[in-house]
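[1] okay, predicted coordinates and the sequence, questions at the end:
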Amino acid sequence: MPEFFEVKPPDEAWAWWWQHVTHRTQSERVSAYEALGRVTAEAVHSPEALPAFRRAAVDGYAVRAADTFGASDTLPAYLEVAGEVPMGQEVQQTLATGQALLIHTGGMVPADADAVVMVEHTQRFDERTIEVLRPVAPGENVIQVGEDVELGAEVLPAGHFVRPQDIGALLALGLVQDVPVRRRPLVSIFSTGDEVVAPGTAPLRPGQVRDINGGTIQALCQRAGAQTRLHGIIRDDAEALYTALSAALPTADMLVVTAGSSVSTRDMTADTFNRLGAPGVLVHGVAARPGKPTILAVVEGKPVIGLPGNPVSAMVMFMLFGVPAIVGLMGAAAPRSRRVAARVTANVPSAAGREDYVPVRLVERSGEAWAEPIFGKSNLIFTLVAADGLLRVPMDATGLREGAWAEVILF
């Protein structure tokens, strides 16, 4: 049996796979205080105008703008100070021609005033009079009703990741409860392999390896906003794997299996995915290193991923496919991972026709970012521990020369 059906470039593999994923998580309502990092299930509209009254944008004096026209340092306008605007209260006092009211930032501008003179542009003439040294235009230093947000305006679109500033906006509008968000996807994670044992196993017997992938993939899922369920280790037995996946499928939003390293084990994983339901396996092999043996399937509209057993391969491929899938299940477009341009400190070999991802450590030289490759085999997890990100070698490149600029995907 051939090792791969048809190896696809990463972008092509994603596009082909994701167009078959129709499942999305349901919506739920949470408080604004619980909404950080969630994805809005529908657009949120403002129930009121903000601000609801005209507010001073600076500390100064509320005035009739016409009373300041022509004012200058050598020929100031003289205005009578008729009082002070109380904070947090409606202004009751009227403002006659030639008068001003002391006002603080955020204070309500009285109906008779149409501008605010900054306190820096005034000086006291006597206890009841100020000199205005610069003119103001109507509306200057005044935040108008609805200037921040109008009544009924869309404040957060559907499919939007809620950020700290968004929570502030919701609270400003009194939207404390019932924020519509997508439920966090539940990702069921399975580790397989006769050689794989629980992380707490000690001492290891010859031939055994601890399960690194389960916890690593779980951490990536949680950071992406998903809930997780670790299903432990399944022996290299097709029926046992099928039984476990079948039991998890109804409640999970995504299934992830890290397979053993042998070709027969990967074939068993692909065959099991096909047994679960149509359309089954859509991608069996990705033109990338590490991670070529990755399997992408869809069952009942849900994404199913088969990752290589090598920890570095599994992590890199899940970053490329699993993380954006989690975001997509919540109805949002995956945010582009943080990337920087850096120069390579050493030659990086590659082969045309595949994308290479090389762990690198970032260093600074003469004000420039340099990427220092950490060479190692794909099963050495500590190459990633020492790295700041992954150097991406494009598909059409046969390598990168020392000093060349390249893209680094940051962890």
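    Thanks, I have it. Numbering: from 1, shown residues only.
[2] residue contacts, residue 383?
    If a contact means CB atoms under 8 Å, 6 or more residues apart in numbering, then residue 383 has 312, 359, 374, 375, 376 as its contacts. For the C-beta atoms, the positions are set from N, CA and C on the backbone; glycine is no exception.
[3] tell me the two of those that are most distant?
    312 and 375 (11.8 Å; CB to CB).
[4] higher neighbour count, these two?
    When residue 312 and residue 375 are compared for neighbours, residue 312 comes out ahead with 25 against 12, by other CB atoms under 10 Å.
[5] in a helix, that one, correct?
    Yes - read with DSSP: H, G, I helix; E, B strand; the rest coil, residue 312 is one of the residues of a helix.
[6] hmm, it is touching residue 386, no?
    No - shown here, residue 312 and residue 386 do not form a contact pair, counting by CB atoms under 8 Å, at 11.8 Å.
[7] overlap in contacts, these two.
    Residues touching both residue 312 and residue 386 (CB under 8 Å, 6+ apart): residue 359.
[8] identify the residues contacting the helix or strand containing residue 275?
    Residue 275 is part of helix 263-276 when elements are defined by DSSP states H and E. With CB under 8 Å, 6+ apart as the contact definition, helix 263-276 has outside contacts at 1, 3, 192-193, 236, 238, 241-242, 245-246, 249, 257, 259-260, 280-281, 284, 293, 295, 297, 299, 304, 306, 308-309.
[9] CA atoms of that helix as PDB?
    Output for helix 263-276, consisting of C-alpha atoms alone and laid out as PDB, is shown next (Å, rounded to 0.1, in the frame of the first residue of the first chain):
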ATOM      1  CA  VAL A 263       3.200   3.300   7.900                       C
ATOM      2  CA  SER A 264       0.800   0.500   8.900                       C
ATOM      3  CA  THR A 265      -0.300   2.500  11.900                       C
ATOM      4  CA  ARG A 266      -1.000   5.600   9.800                       C
ATOM      5  CA  ASP A 267      -3.000   3.400   7.400                       C
ATOM      6  CA  MET A 268      -5.000   2.100  10.300                       C
ATOM      7  CA  THR A 269      -5.800   5.600  11.400                       C
ATOM      8  CA  ALA A 270      -6.900   6.600   7.900                       C
ATOM      9  CA  ASP A 271      -9.000   3.400   7.500                       C
ATOM     10  CA  THR A 272     -10.700   4.100  10.800                       C
ATOM     11  CA  PHE A 273     -11.500   7.700   9.800                       C
ATOM     12  CA  ASN A 274     -13.200   6.300   6.700                       C
ATOM     13  CA  ARG A 275     -15.200   3.800   8.800                       C
ATOM     14  CA  LEU A 276     -16.500   6.700  10.900                       C
END
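[10] quick check: mean pLDDT of it?
    Throughout helix 263-276, pLDDT has a mean value of 84.
[11] do stretch 180-195 as well
    Model confidence over stretch 180-195 averages 96 on the pLDDT scale.
[12] and for stretch 238-257?
    Model confidence over stretch 238-257, given as mean pLDDT, is 97.
[13] in the stretch 251-400 of the chain, which spans are helices?
    Counting by DSSP state H, counting those that start in this stretch, the segments of the stretch 251-400 of the chain that form helices are 263-276, 311-317, 323-329, 382-385.
[14] now these as JSON lines including distance to residue 344?
    Formatted as JSON lines, the helices of the stretch 251-400 of the chain follow (distance: least, CB to CB, whole Å):
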{"stretch": "helix 263-276", "distance to residue 344": "32"}
{"stretch": "helix 311-317", "distance to residue 344": "18"}
{"stretch": "helix 323-329", "distance to residue 344": "25"}
{"stretch": "helix 382-385", "distance to residue 344": "16"}
